[in-house]
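S.K.: need coordinates for the following:
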Amino acid sequence: MLRLRRYGNPQAAVRLFVSHGNGFAIAGYAHFWHRFLAEFDLVLFDMRSHGQNPPADPAHHDYAHMVEDVAAVAAAARGEFGRKPAAGLFHSMSAQAALRLTMEAASAPFEALVLFDPPNVPAPDHPVYRAMLDYEEKLARWAETRRERFAAPEELAAEYARTRSGRRWPPGAALAMAQAVLRPEPEGDWALACPRALEASMYLQGLGLDLWPRRGDVPVPVTLIGADPDTAYPAPTALSNRALAAEAGFDYRAIADTSHLLQLEAPGRCADAALDALARHGLR
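M.R.: This is a model prediction of the structure:
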């Protein structure tokens, strides 16, 4: 069972579905999504085994089930809150699940997708492939050995704040994310809601996802909002998104001076880019 939360303006003409990347949780993105509260009917949800959701069967912690989850959340929101035009604002892992759903579903649940830095991997003969392969394998190795338990969320917040990306997060964001991804344990400490083995598995699963579509493969408008590919040391995902947009014909914008965690590093500029995309698609 997945928990969804409704915020924003229930009378708004457009509904936004918003979710997060691997190992994170949507409450930790509040500096980003709170900018949509006045104008949109907002549905937030964590992916399976993340955030406020219970742990899933490890055998079902995969993209196939996450695609079904996104479809189920969209259907539940329609059933509970009524039908209205909807768009999806998704980051990384959830962006890939939503994109695959939109490509495969008989009826797409979204009128448009705004995808933040999805870690799509091209074919092995592509110039970006090796960088993406190394990136996903490095993240999987890190996730397999990361710390799982903490005396308090402040300990994980301090770890976030020491990272290259975390040093750019706005005040309070590191603690908000730590509180979102941890759950209290009976022993009195805190544990990662998403076990590290499951987090690691998703990085490796992304390598075989075969998700490098062309514009004609997706029945709704797609905007890719990527990390900055022109920094001295760009995230491989920044290179991947720039290449995918150029080759496939998707709308594309890069957010200057950001890495893969761009919504955490530059929430205002990311929200502005999403609002511009929604306006272009007639959803503002």
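
S.K.: can you classify Asp44 by secondary structure?
M.R.: For residue 44 the amino acid is Leu, not Asp. Following DSSP: H, G, I helix; E, B strand; the rest coil, the label given to Leu44 is strand.

S.K.: can you pull out the strands in the stretch 1-150 of the chain?
M.R.: Along the stretch 1-150 of the chain, the stretches classed as strands by DSSP state E, counting those that start in this stretch are 4-8, 15-19, 41-45, 86-91, 112-116, 149-150.

S.K.: which strands or helices does the helix or strand following the shortest one pack on?
M.R.: Using DSSP states H and E, the helix or strand that directly follows strand 149-150 along the chain is helix 153-162. Packing contacts for helix 153-162, counted by 3 or more C-beta pairs under 8 Å, 6 or more residues apart in numbering; DSSP states H and E, involve helix 173-181. Placement of C-beta: from N, CA and C, glycine included.

S.K.: for the helix it packs on, give the mean pLDDT please.
M.R.: Helix 173-181 shows an average pLDDT of 98 in the prediction.

S.K.: can you give me how far it is from the chain middle?
M.R.: 15 Å (C-alpha atoms, centre = their mean, to the nearest Å).

S.K.: buried residues, it. List them.
M.R.: Residues of helix 173-181 classed as buried: 173-181 (neighbour count, 16 or more other C-beta atoms under 10 Å).

S.K.: before we move on, back to that, would a markdown table of the strands of the stretch 1-150 of the chain with mean neighbour count and distance to Asp69 be doable?
M.R.: Formatted as a markdown table, these follow (neighbours: other C-beta atoms under 10 Å; distance: least, C-beta to C-beta, whole Å):
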| stretch | mean neighbour count | distance to Asp69 |
| --- | --- | --- |
| strand 4-8 | 17 | 10 |
| strand 15-19 | 26 | 9 |
| strand 41-45 | 25 | 8 |
| strand 86-91 | 27 | 12 |
| strand 112-116 | 27 | 16 |
| strand 149-150 | 16 | 26 |
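
S.K.: let's have those in JSON lines, adding mean pLDDT and distance to Arg100.
M.R.: Shown next, in JSON lines, are those (pLDDT from 0 to 100; distance: least, C-beta to C-beta, whole Å):
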{"stretch": "strand 4-8", "mean pLDDT": "97", "distance to Arg100": "20"}
{"stretch": "strand 15-19", "mean pLDDT": "98", "distance to Arg100": "14"}
{"stretch": "strand 41-45", "mean pLDDT": "98", "distance to Arg100": "17"}
{"stretch": "strand 86-91", "mean pLDDT": "98", "distance to Arg100": "11"}
{"stretch": "strand 112-116", "mean pLDDT": "98", "distance to Arg100": "11"}
{"stretch": "strand 149-150", "mean pLDDT": "98", "distance to Arg100": "33"}
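
S.K.: among the ones you listed, which comes closest to Ala243?
M.R.: strand 112-116 (14.5 Å; C-beta to C-beta).

S.K.: neighbouring strands - and their directions - for that closest one?
M.R.: Strands that pair with strand 112-116, judged by DSSP bridges, come out as strand 86-91 (parallel), strand 222-226 (parallel).

S.K.: kindly format the C-alpha coordinates of that strand as PDB.
M.R.: These are the backbone C-alpha positions of strand 112-116, laid out as PDB (Å, rounded to 0.1, in the frame of the first residue of the first chain):
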ATOM      1  CA  ALA A 112       2.500  16.300 -19.700                       C
ATOM      2  CA  LEU A 113       5.700  15.100 -18.000                       C
ATOM      3  CA  VAL A 114       8.400  17.400 -16.500                       C
ATOM      4  CA  LEU A 115      11.300  15.000 -15.700                       C
ATOM      5  CA  PHE A 116      14.200  16.200 -13.600                       C
END
